[in-house]
Structure formats: C-alpha cells, structure tokens
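> quick one, structure for this:
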Amino acid sequence: MRQINGGVTAAKGFLAAAAAAEIKYKNRTDMAMIYSETPCRAAGTFTTNVVKAAPVVWDRQVTDAGCAQAVVVNSGIANACTGEEGLRYCRETAAEVEKTLQIPAGQVLVASTGVIGMQLPMDRIHAGVGAMAPLLDGSPEAGHAAAGAIMTTDTHEKEVAVQFEIGETTVTLGGMCKGSGMIHPNMCTMLAFLTTDLAISHELLQEALRSDIADTYNMISVDGDTSTNDTVLLLANGCAGNAEITEKNADYEAFCRALSFVNTELAKMMAGDGEGATALLEVKVIHARTKEEARVLSKSVVCSSLVKAMIFGHDANFGRILCALGYSGVDFDPEKTELTFESAAGRLLIFRDGIAVDYSEDDATRILSEPAVTVIADMKMGEAAATAWGCDLSYDYVKINADYRS
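The predicted structure follows:
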C-alpha cells in the first residue's frame, strides 16, 4: 500500500465538482458533487443520535438497497430537525440529479452540514446541481475543490488516497471529510466520503466499513457532542477490473488495511482541526486486558475537558490523565500504571509506581508545545491496545460556538 496524491477523484471512474450556491455562506463554494461513471456498490454508517437529520434517513434507504452513483453535499444548513419538509427536500435533490445526470433518483445520496433547524433554500440547491453537472471532472483539483466546498468551521480541506494490489490489479481508494465541532465518538458531526475502483460485494463492503468505524471515526472527540448528521459513505464502482471480492480472503484483508489507513488519517485530520484547536491530542492505551477496555480508557482521557485544557496550556498536570482513566469504568491498578508524553520534541516518562518520576518541567513543556502530542498509558494488565484522538480546548472554541448561527 502506498499513499498517493488526491482524494475522492483518485480512483478510476470518479468525478467531482463544487459550486457557490449561497446556501448560507457568501463568496465561497458550499455545494459538492461526487459522481461515478458507472453504478457503484454503496455502504454507509450513520449517527447514533436519536435525532437524525433528513439526509441520514434518506441515505440509509439508499445504502440498504446497495447501489448508488452520485452524492450531493451542501454546507451551511444541516437539514436536521426539519420534519417531513426536510425529507421531501432530499427527494427533490435526488430528483434534480436524476433530471440533470440521467441516473435514478434512488441511486443519489445526499448530505448536509451546518446549522440545525433551518430549511434548505431549494431554488439554490437546484441551481447548484445544475451548475456542478457540467463541471464534473476526475482531476485531483476537482476532488480538492469538492473537499473545500463541504467545510463549515473547518480550517482546511481534508483528503487522502492510497493504492494497493489485489492480485495483479492496482486498486485505488480515496476519500474526503469535514468535521471540526460537534465531534464525539460513536460518529460525530462529520461527513466522510470514500471512493474506490475495487470490485466487491455489497455485503462485504458494508461489513468492512462497519467494522473499521470502531477504531477510526468512533475514536475521535472534539467536544463530546454527537451530531444529528454523522455520515460515512463508501462507494465501489469496480473499474479497477479485479475479480470481485465475495469472501473474506487475502484480497479482502488487503482492502480492509487500506480502508483503515484512509479512515484513520481522515479521523486524525478532523480531531486535529477541532474548533479553536492548536494541537492534535493522541492517547494510546497499551497493555490493557481487552480491546474494549483499551478503547474505553483512551476515549475517557481524550474526552476530558481538563486534559484538553492541560494540553492547551502545555502543562504536565498528569493527575488529570489519571483521573480520567480512573472514572472510565475500567478497573486497573494505578500503582502499576505508567504515563509517558511524546511528540516531535522528544519522549518523557512522567508517572510510574504510583508516583511522579523525577522529570524536567521544562522538557515536559517543550514536548507538550508541539502541534501533535501523544499520551501513552501503559496499564500493565495484558496485551490489548487502542488509540483515541482529540484536540486541546482553547478560548476560541467558545468564541466560535457562541455565535455559530450569526
């Protein structure tokens, strides 16, 4: 497997476009379209929030049917808490794509992100679809433009692509996402769109995506809020020409490894670009009893507001980490636990045998001042491990969210 330039247009047969439809924003693109030249196998995973946005309801129906050929995304308005009218707008968007691109409305996925409770301006949505159709292109630039159009409070585009081998065939997998606030494990206010030219059955495509979510998107948190709109969509059009994967063999495992890499990289990009964030926080729990306990422990630390504030202040206040581990619900012996800080500036053991070690506060501050910081918690209980990602908590988080609708 090797990382390559690009995102959703990296795989064969996928095109993308962006448009400035003025859904809510001015002087920027705010609609994106992904289109496959041939129908795709489609898989999806969605928010666990009981309050589900209209696009989530629509997309569940499409991915359950297993076939899609286009995705239309808008930013600025979430189309959540919009009742039957919001769902009708999903149908209208799909119908507009059907009319414009001559593909069945039932094969059109839709996604929205932005302010909850507002209705979409459908005249602008229709105009956006019409504007994007002739711009569809398979270039990296088109994919990058689409990644920019779906941003809300994100500060930069998020995309990644890889190539890997299935027998004698080179297969490509690419993706883009958005997410900066209302981010919490069990999916988040994030949209992620993955495209691959792999030939694979719908059942295995869905299983691969669902299985991978547990250790990627579900292991990130910015602010503890699980959104109404969380969506990850995975389209496979088979254009690479490999023999279709219909069983869990070596080819399936190769695809799963590539999928995990892409999802992990996108998840980390979202965590590091949390609203107001100045640093990516990575929490590695090692030598836990079970995988599930490792997940719970690492999430507990990455979700702690006090730990996040500690990272923002570059303060080696390790007691906050132990506290978060302690209330996680997992039983462990703090007398055996070790804590280590690590970044590009070095590695430093902080806590061992129930007490702080003799470390330099200056060294700790230097390590914690990097744009990516890792906390390693060695539980000394077993062989299981898990990693969670988040960010620091800055003054700007409150500023951004205090007037988000303005």
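> please tell me how far the nearest residue to Met310 once chain neighbours are set aside sits from Gly354.
Distances taken as Cβ to Cβ, 6 or more residues apart in numbering put Asn317 closest to Met310, at 4.8 Å, once the chain neighbours are dropped. For every residue, glycine as well, the C-beta is placed using N, CA and C. Spatial separation of Asn317 from Gly354 under the definition Cβ to Cβ, to the nearest Å is 17 Å.
> between those two, point out the one with more neighbours.
In this view Asn317 and Gly354 are compared by other Cβ atoms under 10 Å, and Asn317 has more residues nearby, 16 against 11.
> is that one in contact with Lys308, as I believe?
No. Contact between Asn317 and Lys308 fails when scored by Cβ atoms under 8 Å: they sit 11.6 Å apart.
> which one's the longest helix in this structure?
The helix that spans the most residues within the chain, counting by DSSP state H, is helix 250-272.
> which of the residues in stretch 355-370 are buried?
Along stretch 355-370, the positions that meet the burial threshold by neighbour count (16 or more other Cβ atoms under 10 Å) are Tyr359, Ala364, Ile367, Leu368, Glu370.
> what is the nearest of those residues to Ile245?
If you rank these by distance to Ile245 using Cβ to Cβ, Glu370 comes first, at 40.5 Å.
> so which elements touch the longest helix of the chain?
Packed against helix 250-272 by the contact rule (3 or more Cβ pairs under 8 Å, 6 or more residues apart in numbering; DSSP states H and E) you find strand 158-166, strand 169-178, strand 191-196, helix 202-213, strand 280-288, strand 384-391.
> so which of these is the most packed in?
For those, the stretch with the most neighbours on average is strand 191-196, a mean of 28; neighbours defined as mean count of other Cβ atoms under 10 Å.
> I'd like the distance from it to the chain centre, please.
For strand 191-196, the distance from its own C-alpha centre to the chain's C-alpha centre is 9 Å (Cα atoms, centre = their mean, to the nearest Å).
> what's in contact with that strand?
8-11, 14, 34, 36, 71, 73, 111, 113, 150, 171-179, 209, 217, 229-237, 240, 255, 259, 262-263, 266 (Cβ atoms under 8 Å, 6 or more residues apart in numbering).
> all helices of the stretch 1-150 of the chain, in order?
Residue ranges of the helices in the stretch 1-150 of the chain, as given by DSSP state H, counting those that start in this stretch, are 54-65, 83-101, 122-132, 140-149.
> same question, the stretch 301-406 of the chain
Applying DSSP H, counting those that start in this stretch to the stretch 301-406 of the chain gives helices spanning 305-312, 319-326, 361-368, 395-402.
> picking that back up, Throw the helices of the stretch 1-150 of the chain into a markdown table and include mean pLDDT, mean neighbour count and distance to Phe332, thanks.
As requested, the helices of the stretch 1-150 of the chain are arranged in a markdown table below (pLDDT from 0 to 100; neighbours: other Cβ atoms under 10 Å; distance: least, Cβ to Cβ, whole Å):
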| stretch | mean pLDDT | mean neighbour count | distance to Phe332 |
| --- | --- | --- | --- |
| helix 54-65 | 96 | 20 | 37 |
| helix 83-101 | 96 | 18 | 46 |
| helix 122-132 | 97 | 19 | 51 |
| helix 140-149 | 98 | 23 | 41 |
